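*Asks:* pasting a predicted model and its sequence here:
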Amino acid sequence: MDYLGDIQTLRNMLLVLINGGVVLRLVYCAIYASASYDEKEIYFKRINNALVFGVMANLLIVFKDVILSYFPGV
């Protein structure tokens with residue numbers, strides 16, 4: 001069994017799901033922000049929150065990979 005390959009595949013799938021979800025959320029909020037003048041500020045705040053989530057989630061996975069590369073036996 002190739003556990004390392006399975007973990008790498010799971011990591012890649014997780015990154016695709018996170019990035020895809022963030023992009024879909026950005027598109028959704030942009031469409032509703034352009035359609036609703038009264039709630040435009042709310043949707044821009046939601047866009048900002050989605051971007052922050054995407055950056056933090058990607059950085060967390062990158063930091064995990066860097067830490068595991070320094071300590072390969074862990």
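*Replies:* It's in.
*Asks:* and the next element down the chain from the biggest helix by length in the chain?
*Replies:* Counting residues, the longest helix in the chain under DSSP state H turns out to be helix 3-35. Sequence order places helix 40-70 as the next helix or strand after helix 3-35, per DSSP states H and E.
*Asks:* show me how far that following helix is from its chain's centre.
*Replies:* Put simply, helix 40-70 sits 6 Å off its chain's centre (Cα atoms, centre = their mean, to the nearest Å).
*Asks:* show me where pLDDT drops low in the protein?
*Replies:* Residues of the chain meeting the criterion pLDDT under 70: 1-2, 4, 73-74.
*Asks:* coming back round to it: now the angle between helix 40-70 and the longest helix of the chain, please.
*Replies:* 170 degrees (axes from the mean of the first three to the mean of the last three Cα atoms, to 10 degrees).
*Asks:* I'd like to know which elements helix 3-35 is packed against.
*Replies:* helix 40-70 (3 or more Cβ pairs under 8 Å, 6 or more residues apart in numbering; DSSP states H and E). Just so you know, the C-beta spots here come from the backbone N, C-alpha and C atoms, and that holds for glycine as well.
*Asks:* the helix it packs on packs against which elements?
*Replies:* helix 3-35.
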